[in-house]
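>>> no FASTA, just this:
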Ligand code: 5CA
């Protein structure tokens, strides 16, 4: 089965980085963590949410990879980043990551974001992340997530 262009972009980014991981494009929605968990038969906590912010002073893209069970503590991320966070709207997400909301992947972005990883994700043997569309996912280990993104593991939850 061929992947849609956005899912293929993520597959290519994984392959280019040397990760033997496979993007799955499903017929059902994986737009939300709950839908993604149901689709793969996992728990919501095993779903990697990709939450985008804008760094308010420098306009950098900020990517917070958090467990589907958690909410991002913006104050904690701001402290790690060293500047305030601004909300990212749907247009910002699309323009600056190359992905639509609900399909933002950890890799394959238009520009390399400042990346933070929820320490709770490291408590799972395997997790699932979005792969470019609201129907595409891939399974990986938390260690692979850290290595492929170069993200900083931290306490980022409320
Ligand atoms: N595919 C699923 C599971 S991996 C997924 O991408 N989930 S997600 O949580 O990473 O992506 C949805 C997130 O996009 C929401 O948690 C929310 O933070 C954000 N979001 C949803 N609507 C908007 C919006 N209108 N503007 C900005 N961000 C939004």
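Cool, got the structure. Quick caveat, the model's predicted, so the values are computed rather than measured.
>>> now for the longest strand along the chain, which elements pack on it?
In the chain, taking DSSP state E as the definition, the longest strand is strand 47-55. When contacts are defined as 3 or more Cβ pairs under 8 Å, 6 or more residues apart in numbering; DSSP states H and E, strand 47-55 sits against helix 33-40, strand 61-67, helix 74-81, strand 85-87, helix 90-97, strand 127-130. For every residue, glycine as well, the C-beta is placed using N, CA and C.
>>> try 6 Å this time
Using 3 or more Cβ pairs under 6 Å, 6 or more residues apart in numbering; DSSP states H and E, the elements in contact with strand 47-55 are helix 33-40, strand 61-67, strand 127-130.
>>> partners of that strand, with directions?
Paired neighbours of strand 47-55 in the sheet (DSSP bridges): strand 61-67 (antiparallel), strand 85-87 (antiparallel), strand 127-130 (parallel).
>>> out of these, flag the one nearest the ligand.
strand 127-130 (3.6 Å; Cβ to the nearest ligand atom).
>>> what's around residue 18, how many residues?
8 (other Cβ atoms under 10 Å).
>>> please apply the same query to the one 3 residues further on.
Residues near residue 21, counting by other Cβ under 10 Å, number 17.
>>> the one 4 residues further on too?
For residue 25, the count of nearby residues is 19 (other Cβ under 10 Å).
>>> great, nothing more from me.
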